[in-house]
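In: Provide a 3D model corresponding to the input given below.
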Amino acid sequence: QVQLVESGGDLVQPGGSLRLSCAASGFTFTRYAMSWYRQAPGKEREWVASISSFGGNTIYADSVKGRFTISRDNAKNTVYLQMNRLKPEDTAVYYCNAATRVAAPPVFGSWGQGTQVTVSS
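Out: Got it, this is the predicted structure:
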């Protein structure tokens, strides 16, 4: 079955950096674009970034553009999110999911456990 396992979250000071990872299994990784999402306390889950199946196209939400970079390693079935210049408003649980194309809705109804990112001094 599909498994999405996010990791790398932590408590970090404003201006700091983190690199999140999402290990995927149970589906053909290279057939899908991959996306990162986040959900802050009391808010809806929101889309953050997407990358096409072989990494040639990336797209970002305006709130993270220029600070976050999405990448993938198809040999490891893993997608990454490098987060720089973190702000308190980036605090959220971060999730990944597959998509039929960049920025399309998530494919899989079941989500991983997510990884908590907290930006605070």
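In: ok, which stretches of the protein are strands?
Out: 3-7, 11-12, 18-25, 33-39, 46-51, 58-60, 68-73, 78-83, 92-99, 115-119 (DSSP state E).
In: would you tell me which of those gets closest to residue 109?
Out: strand 92-99 (9.3 Å; CB to CB). From N, CA and C alone the C-beta is placed, and that goes for glycine too.
In: show residues contacting the closest one.
Out: The contact list for strand 92-99 (CB atoms under 8 Å, 6 or more residues apart in numbering) reads 4, 6, 9, 20, 22, 24, 27, 32-41, 43, 45, 48, 50, 79, 81, 105-108, 111-112, 114-117.
In: PyMOL command to pick out the buried ones of the residues you listed?
Out: The following PyMOL line selects those of the contacts of strand 92-99 that are buried, judged by 16 or more other CB atoms under 10 Å:
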select buried, resi 4+6+9+20+22+24+27+32+33+34+35+36+37+38+45+48+50+79+81+106+107+108+111+112+114+115+117
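In: quick check, central residue of the chain?
Out: Residue closest to the mean C-alpha point of the chain, counted by CA atoms, centre = their mean, is residue 36 at 2.5 Å.
In: now the strands of the chain as TSV including mean pLDDT?
Out: Formatted as TSV, the strands of the chain follow (pLDDT from 0 to 100):
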stretch	mean pLDDT
strand 3-7	97
strand 11-12	98
strand 18-25	98
strand 33-39	98
strand 46-51	98
strand 58-60	97
strand 68-73	98
strand 78-83	98
strand 92-99	97
strand 115-119	98
